[in-house]
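# predicted model and sequence follow; I will ask about them next.
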Amino acid sequence: MADSHYLDNEEKSVVIVMTSGPSTPHRCATPFYIGAILASMDSDVHIFFTMEGVMLAKKGVAENLAAMKDGKTILEFIRDAKAAGVKLHLCKPAMPGYELDVGDIIAEVDEISNAGALADLILSSDKSMYF
Amino acid sequence: MECNGCEFRSELYYDDQYQIWARREEDGTLTVGMTDISQTVAGKILHVRVRRPGTLRPIGKPVATIESGKWAGPVPNVFDCVIEEANHSVLEDPNLLNIEPYEAWIARVRPSGAVEDALSVMLTGDVAQAGYCERARREDIHCERGAR
(Lines give C-alpha, C1' and ligand atoms only; values in the text may rest on other atoms or scores of the structure.)
Protein backbone atom coordinates (compact mmCIF):
# COMPACT_ATOMS: atom_id res chain seq x y z
CA MET A 1 0.00 0.00 0.00
CA ALA A 2 1.51 3.28 -1.12
CA ASP A 3 1.85 5.72 1.73
CA SER A 4 0.61 8.52 -0.53
CA HIS A 5 -2.91 7.05 -0.35
CA TYR A 6 -3.17 8.22 3.25
CA LEU A 7 -3.90 11.74 4.39
CA ASP A 8 -2.11 12.92 7.49
CA ASN A 9 -1.45 16.59 6.79
CA GLU A 10 -2.00 19.21 9.46
CA GLU A 11 -4.67 21.87 9.22
CA LYS A 12 -3.44 24.89 7.26
CA SER A 13 -4.85 28.14 5.94
CA VAL A 14 -4.64 29.01 2.25
CA VAL A 15 -5.64 32.09 0.28
CA ILE A 16 -6.10 31.80 -3.48
CA VAL A 17 -6.06 35.13 -5.30
CA MET A 18 -8.16 34.78 -8.43
CA THR A 19 -7.26 37.43 -11.02
CA SER A 20 -8.14 35.40 -14.14
CA GLY A 21 -11.51 35.95 -15.74
CA PRO A 22 -13.59 35.44 -18.87
CA SER A 23 -10.78 36.46 -21.25
CA THR A 24 -8.82 33.36 -20.16
CA PRO A 25 -11.44 30.68 -19.44
CA HIS A 26 -8.84 27.89 -19.47
CA ARG A 27 -7.40 29.43 -16.28
CA CYS A 28 -10.72 29.62 -14.45
CA ALA A 29 -11.55 26.05 -13.32
CA THR A 30 -8.38 24.77 -11.65
CA PRO A 31 -8.25 27.33 -8.82
CA PHE A 32 -11.67 26.17 -7.60
CA TYR A 33 -10.76 22.52 -8.06
CA ILE A 34 -7.57 22.87 -6.03
CA GLY A 35 -9.49 24.95 -3.49
CA ALA A 36 -11.99 22.11 -3.07
CA ILE A 37 -9.21 19.57 -2.57
CA LEU A 38 -7.44 21.76 -0.03
CA ALA A 39 -10.67 22.33 1.91
CA SER A 40 -11.30 18.58 1.87
CA MET A 41 -7.87 18.15 3.46
CA ASP A 42 -8.93 20.26 6.45
CA SER A 43 -7.44 23.52 5.16
CA ASP A 44 -9.19 26.82 5.79
CA VAL A 45 -9.43 28.08 2.21
CA HIS A 46 -10.35 31.55 1.01
CA ILE A 47 -10.64 32.46 -2.67
CA PHE A 48 -10.45 36.17 -3.33
CA PHE A 49 -11.80 37.46 -6.67
CA THR A 50 -9.93 40.55 -7.79
CA MET A 51 -8.90 42.28 -11.05
CA GLU A 52 -10.64 40.49 -13.96
CA GLY A 53 -11.51 37.64 -11.60
CA VAL A 54 -14.37 39.73 -10.22
CA MET A 55 -16.25 39.09 -13.47
CA LEU A 56 -16.64 35.45 -12.47
CA ALA A 57 -18.83 36.67 -9.61
CA LYS A 58 -21.17 38.51 -11.96
CA LYS A 59 -24.50 36.78 -12.54
CA GLY A 60 -24.62 35.00 -15.90
CA VAL A 61 -20.85 34.94 -16.50
CA ALA A 62 -19.52 31.81 -14.76
CA GLU A 63 -22.62 29.82 -15.68
CA ASN A 64 -21.87 30.40 -19.36
CA LEU A 65 -18.13 29.89 -19.18
CA ALA A 66 -16.16 26.63 -19.36
CA ALA A 67 -12.45 25.93 -19.25
CA MET A 68 -12.72 23.42 -22.08
CA LYS A 69 -15.10 22.71 -24.94
CA ASP A 70 -18.28 21.00 -23.70
CA GLY A 71 -16.79 20.99 -20.20
CA LYS A 72 -18.38 21.68 -16.87
CA THR A 73 -19.18 25.34 -16.28
CA ILE A 74 -17.05 27.52 -14.05
CA LEU A 75 -20.10 28.11 -11.87
CA GLU A 76 -20.24 24.37 -11.19
CA PHE A 77 -16.57 24.42 -10.16
CA ILE A 78 -17.31 27.39 -7.90
CA ARG A 79 -20.21 25.48 -6.31
CA ASP A 80 -18.04 22.38 -5.78
CA ALA A 81 -15.50 24.54 -3.96
CA LYS A 82 -18.24 26.08 -1.83
CA ALA A 83 -19.65 22.66 -0.99
CA ALA A 84 -16.20 21.56 0.17
CA GLY A 85 -16.02 24.54 2.54
CA VAL A 86 -14.18 27.22 0.57
CA LYS A 87 -15.08 30.82 1.43
CA LEU A 88 -15.43 33.27 -1.44
CA HIS A 89 -14.53 36.95 -1.24
CA LEU A 90 -15.14 39.65 -3.84
CA CYS A 91 -12.78 42.62 -4.05
CA LYS A 92 -14.86 45.74 -3.47
CA PRO A 93 -12.33 48.22 -4.93
CA ALA A 94 -12.26 46.24 -8.20
CA MET A 95 -16.01 46.37 -8.72
CA PRO A 96 -16.38 49.87 -10.21
CA GLY A 97 -13.77 49.18 -12.89
CA TYR A 98 -15.89 46.30 -14.14
CA GLU A 99 -19.18 48.17 -13.61
CA LEU A 100 -20.24 45.57 -11.11
CA ASP A 101 -23.02 46.39 -8.64
CA VAL A 102 -23.92 44.45 -5.51
CA GLY A 103 -27.17 43.35 -7.16
CA ASP A 104 -25.18 41.71 -9.98
CA ILE A 105 -23.32 39.30 -7.71
CA ILE A 106 -23.90 35.54 -7.62
CA ALA A 107 -25.25 34.14 -4.37
CA GLU A 108 -22.18 31.94 -3.87
CA VAL A 109 -20.03 34.93 -2.80
CA ASP A 110 -19.70 34.98 1.00
CA GLU A 111 -18.33 38.45 1.47
CA ILE A 112 -17.58 41.67 -0.39
CA SER A 113 -14.24 42.64 1.08
CA ASN A 114 -11.89 45.59 0.92
CA ALA A 115 -8.24 45.37 -0.06
CA GLY A 116 -7.20 45.35 3.57
CA ALA A 117 -9.05 42.08 4.05
CA LEU A 118 -7.01 40.55 1.24
CA ALA A 119 -3.82 41.91 2.76
CA ASP A 120 -4.78 40.39 6.12
CA LEU A 121 -5.47 37.03 4.49
CA ILE A 122 -2.15 37.01 2.64
CA LEU A 123 -0.21 37.92 5.78
CA SER A 124 -2.02 35.50 8.06
CA SER A 125 -2.37 32.46 5.79
CA ASP A 126 0.13 29.61 5.73
CA LYS A 127 0.12 29.58 1.95
CA SER A 128 -0.98 31.93 -0.81
CA MET A 129 -1.56 31.08 -4.48
CA TYR A 130 -2.17 33.37 -7.44
CA PHE A 131 -4.05 32.55 -10.62
CA MET B 1 -34.92 0.09 -5.92
CA GLU B 2 -33.80 3.00 -8.08
CA CYS B 3 -34.65 6.57 -9.08
CA ASN B 4 -33.48 8.01 -12.41
CA GLY B 5 -31.34 4.89 -12.69
CA CYS B 6 -29.66 5.61 -9.33
CA GLU B 7 -29.58 2.53 -7.11
CA PHE B 8 -30.87 2.91 -3.57
CA ARG B 9 -30.44 0.34 -0.78
CA SER B 10 -32.97 0.74 1.99
CA GLU B 11 -30.94 -1.17 4.60
CA LEU B 12 -28.12 1.42 4.55
CA TYR B 13 -27.87 4.76 6.36
CA TYR B 14 -27.33 8.05 4.50
CA ASP B 15 -26.30 11.65 5.18
CA ASP B 16 -28.97 14.23 4.41
CA GLN B 17 -27.39 15.09 1.05
CA TYR B 18 -27.14 11.41 0.06
CA GLN B 19 -23.42 11.71 -0.59
CA ILE B 20 -22.38 8.81 1.60
CA TRP B 21 -23.82 5.57 2.90
CA ALA B 22 -22.96 3.77 6.11
CA ARG B 23 -23.45 0.13 7.08
CA ARG B 24 -23.40 -1.18 10.63
CA GLU B 25 -20.91 -3.99 11.28
CA GLU B 26 -21.02 -6.60 14.03
CA ASP B 27 -17.77 -5.37 15.60
CA GLY B 28 -19.22 -1.93 16.34
CA THR B 29 -17.66 -0.18 13.37
CA LEU B 30 -19.42 1.47 10.46
CA THR B 31 -18.45 0.92 6.86
CA VAL B 32 -18.65 4.08 4.74
CA GLY B 33 -18.90 4.54 0.98
CA MET B 34 -20.19 6.80 -1.79
CA THR B 35 -23.74 6.61 -3.10
CA ASP B 36 -24.62 5.95 -6.72
CA ILE B 37 -25.64 9.63 -6.96
CA SER B 38 -22.22 10.75 -5.67
CA GLN B 39 -20.18 8.58 -7.99
CA THR B 40 -22.26 9.79 -10.93
CA VAL B 41 -21.81 13.45 -10.03
CA ALA B 42 -18.07 12.93 -9.59
CA GLY B 43 -17.57 11.13 -12.90
CA LYS B 44 -14.68 8.74 -13.38
CA ILE B 45 -12.80 8.74 -10.09
CA LEU B 46 -9.06 8.93 -10.47
CA HIS B 47 -7.74 9.25 -6.95
CA VAL B 48 -8.92 8.49 -3.41
CA ARG B 49 -7.03 9.37 -0.25
CA VAL B 50 -8.19 8.30 3.19
CA ARG B 51 -7.21 9.71 6.56
CA ARG B 52 -4.60 7.49 8.15
CA PRO B 53 -6.05 4.73 10.40
CA GLY B 54 -6.09 5.82 14.02
CA THR B 55 -6.96 9.42 13.14
CA LEU B 56 -9.82 11.06 15.04
CA ARG B 57 -12.31 12.74 12.72
CA PRO B 58 -14.73 15.20 14.33
CA ILE B 59 -18.09 15.99 12.75
CA GLY B 60 -17.56 17.90 9.51
CA LYS B 61 -13.97 16.78 8.98
CA PRO B 62 -13.80 14.55 5.92
CA VAL B 63 -12.94 10.87 6.06
CA ALA B 64 -11.35 10.95 2.62
CA THR B 65 -10.87 13.07 -0.48
CA ILE B 66 -12.00 12.15 -3.95
CA GLU B 67 -10.64 13.45 -7.26
CA SER B 68 -12.03 12.89 -10.70
CA GLY B 69 -11.28 14.73 -13.91
CA LYS B 70 -14.08 17.21 -13.29
CA TRP B 71 -14.80 17.07 -9.57
CA ALA B 72 -12.85 17.26 -6.34
CA GLY B 73 -14.21 17.12 -2.85
CA PRO B 74 -14.59 15.38 0.48
CA VAL B 75 -16.15 12.17 1.65
CA PRO B 76 -18.01 13.94 4.44
CA ASN B 77 -18.35 12.81 8.01
CA VAL B 78 -21.47 13.41 10.10
CA PHE B 79 -20.38 12.01 13.49
CA ASP B 80 -17.21 11.87 15.61
CA CYS B 81 -15.21 8.79 14.73
CA VAL B 82 -11.79 7.21 14.43
CA ILE B 83 -10.57 5.80 11.13
CA GLU B 84 -10.07 2.05 11.55
CA GLU B 85 -9.26 0.89 8.05
CA ALA B 86 -9.14 1.97 4.43
CA ASN B 87 -10.26 -0.23 1.57
CA HIS B 88 -6.96 -0.94 -0.17
CA SER B 89 -8.72 -2.25 -3.26
CA VAL B 90 -10.39 1.14 -3.76
CA LEU B 91 -7.24 3.09 -3.01
CA GLU B 92 -5.41 1.08 -5.66
CA ASP B 93 -8.30 1.12 -8.16
CA PRO B 94 -10.62 4.11 -7.48
CA ASN B 95 -12.73 3.28 -10.53
CA LEU B 96 -14.32 0.54 -8.39
CA LEU B 97 -16.38 3.33 -6.82
CA ASN B 98 -17.91 4.00 -10.24
CA ILE B 99 -18.50 0.33 -10.98
CA GLU B 100 -20.00 -0.92 -7.72
CA PRO B 101 -20.50 1.96 -5.27
CA TYR B 102 -22.27 -0.14 -2.65
CA GLU B 103 -19.68 -2.91 -2.61
CA ALA B 104 -16.60 -0.73 -2.99
CA TRP B 105 -16.51 0.76 0.48
CA ILE B 106 -13.99 3.50 1.27
CA ALA B 107 -13.29 3.26 4.99
CA ARG B 108 -14.32 1.56 8.20
CA VAL B 109 -14.72 3.95 11.11
CA ARG B 110 -15.43 3.52 14.80
CA PRO B 111 -17.85 6.09 16.23
CA SER B 112 -16.50 7.88 19.31
CA GLY B 113 -19.87 7.44 21.02
CA ALA B 114 -22.52 4.77 20.72
CA VAL B 115 -23.19 3.41 17.24
CA GLU B 116 -26.87 4.19 17.75
CA ASP B 117 -26.04 7.85 18.39
CA ALA B 118 -23.98 8.04 15.20
CA LEU B 119 -26.69 6.42 13.12
CA SER B 120 -29.37 8.62 14.68
CA VAL B 121 -28.11 11.59 12.65
CA MET B 122 -28.43 9.64 9.40
CA LEU B 123 -31.44 8.64 7.35
CA THR B 124 -32.57 5.17 6.42
CA GLY B 125 -35.54 3.22 5.06
CA ASP B 126 -38.52 4.95 3.48
CA VAL B 127 -37.51 8.43 4.65
CA ALA B 128 -34.08 8.07 3.08
CA GLN B 129 -35.55 6.65 -0.10
CA ALA B 130 -37.88 9.62 -0.50
CA GLY B 131 -35.05 12.11 0.02
CA TYR B 132 -32.68 10.21 -2.26
CA CYS B 133 -35.22 10.16 -5.08
CA GLU B 134 -36.12 13.80 -4.50
CA ARG B 135 -32.46 14.81 -4.93
CA ALA B 136 -32.05 12.74 -8.09
CA ARG B 137 -35.15 14.31 -9.60
CA ARG B 138 -34.50 17.87 -8.38
CA GLU B 139 -30.98 17.92 -9.80
CA ASP B 140 -31.93 15.77 -12.81
CA ILE B 141 -29.22 13.24 -11.95
CA HIS B 142 -29.30 10.11 -14.09
CA CYS B 143 -26.86 7.56 -12.75
CA GLU B 144 -24.32 5.80 -14.89
CA ARG B 145 -21.93 3.11 -13.77
CA GLY B 146 -18.31 2.77 -14.78
CA ALA B 147 -17.02 -0.22 -16.67
CA ARG B 148 -14.02 -2.40 -15.96
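Looks like it arrived, so ask away.
# give me every residue in chain B lying close to chain A.
B:48-53, B:55, B:61-62, B:64-67, B:70-74, B:86, B:88, B:91-92 (CB under 8 Å from any CB of the partner chain). Backbone N, C-alpha and C define where each C-beta goes, glycine included.
# mark which of these are buried, thanks.
Among the residues of chain B next to chain A, the ones that count as buried by 16 or more other CB atoms under 10 Å in any protein chain shown are B:48-51, B:55, B:61-62, B:64-67, B:70-74, B:86, B:91.
# what does chain A put close to chain B?
Residues of chain A found near chain B (CB under 8 Å from any CB) are A:1-2, A:4-8, A:33-34, A:36-37, A:39-42, A:71-72, A:80, A:83-85.
# could you turn the buried ones of those residues into a ChimeraX selection?
With 16+ other CB under 10 Å as the criterion, this ChimeraX line picks the buried residues out of the residues of chain A next to chain B:
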select /A:5,6,7,33,34,36,37,39,40,41,42,71,72,80,83,84,85
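# roughly how far out does stretch B:137-147 sit from the chain middle?
Taking CA atoms, centre = their mean, to the nearest Å, one finds the center of stretch B:137-147 at 16 Å from the center of the full chain.
# buried ones in it?
Buried, per 16+ other CB under 10 Å, within stretch B:137-147: B:I141, B:C143, B:G146.
# hmm, who's touching the helix or strand of chain A with the lowest mean pLDDT?
Scoring the helices and strands of chain A by mean pLDDT, DSSP states H and E places strand A:6-7 at the bottom, with a mean of 91. Contacts with strand A:6-7, where a contact means CB atoms under 8 Å, 6 or more residues apart in numbering or on different chains, come from A:M41, B:R49, B:V50, B:R51, B:R52, B:P53, B:A64, B:T65, B:A86.
# try 7 Å
The contact list for strand A:6-7, computed with CB atoms under 7 Å, 6 or more residues apart in numbering or on different chains, reads A:M41, B:R49, B:V50, B:R51, B:R52, B:T65.
# just the residues you listed now: which is nearest A:E76?
Nearest to A:E76 among the contacts of strand A:6-7: B:T65, at 18.3 Å, using CB to CB.
# contacts only, for the closest residue to the closest one other than its chain neighbours.
Excluding the flanking residues, the one nearest B:T65 by CB to CB, 6 or more residues apart in numbering or on different chains is A:S40, at 4.2 Å. A:S40 sits next to A:A84, B:P62, B:T65, B:G73, B:P74 when contact means CB under 7 Å, 6+ apart.
# so for the fourth one, what's the nearest residue that isn't a sequence neighbour?
Pointing back at B:G73 there. Nearest to B:G73 is A:A84, by CB to CB, 6+ apart, at 4.7 Å.
# wait, the one you found sits on A:A36?
Yes: using CB atoms under 7 Å, A:A84 is in contact with A:A36, at 4.0 Å.
# beta partners of the most centrally placed residue in chain A?
For chain A, the residue nearest the mean C-alpha position is A:I47 (3.6 Å; CA atoms, centre = their mean). A:I47 has these beta-bridge partners by DSSP bridges: A:I16, A:L88.
# what about B:E100, neighbour count?
Neighbour count of B:E100, defined by other CB atoms under 10 Å in any protein chain shown: 16.
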